[in-house]
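Engineer: okay, predicted coordinates and the sequence, questions at the end:
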Amino acid sequence: MAVTITDVAERAGVSAMTVSRVINGSQRVRSDTRKRVEAAIAELGYVPNSLARGLSSQRAGLLALLVPDVANPFFTLIVRGAEHVARRAGYRMILCNTESELEREYEYVQE
């Protein structure tokens, strides 16, 4: 089961909000408290949930690339280049094969 921010807070003896402040680099945390939280994060192996962070910040850090045919070699370089640039900018990318179907493209855009 994944370690939660609440688990880290309990281990460090602080609130979940304090853990959040530490994770987000807020200066509003005393250094001794920050050290306790960082130690609890390390001990428990806590990794922030990127989906949850995206929901709270309204920025998922996720891009979708719609390609009409992934089997077409023309798109191979485009996909590789787009993924490379996206990663450098801190985004993750999802590849969607539309098979040149307008309805499928529309569904992907809606999602």
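Structural biologist: Noted; the coordinates are in hand. Numbers count the residues shown, from 1 in each chain.
Engineer: which one is residue 100 nearest to, not counting chain neighbours?
Structural biologist: Of all residues not flanking residue 100 in the chain, residue 68 sits nearest, at 4.3 Å (C-beta to C-beta, 6 or more residues apart in numbering). From N, CA and C alone the C-beta is placed, and that goes for glycine too.
Engineer: distance of the one you found relative to residue 110?
Structural biologist: 18 Å (C-beta to C-beta, to the nearest Å).
Engineer: what does residue 35 give?
Structural biologist: 46 Å.
Engineer: also residue 38?
Structural biologist: 41 Å.
Engineer: more neighbours: those two, which one.
Structural biologist: A count of neighbours by other C-beta atoms under 10 Å puts residue 38 above the other of residue 38 and residue 110, at 15 against 6.
Engineer: just confirm the more buried one is within a helix.
Structural biologist: Yes: Residue 38: assigned to a helix according to DSSP: H, G, I helix; E, B strand; the rest coil.
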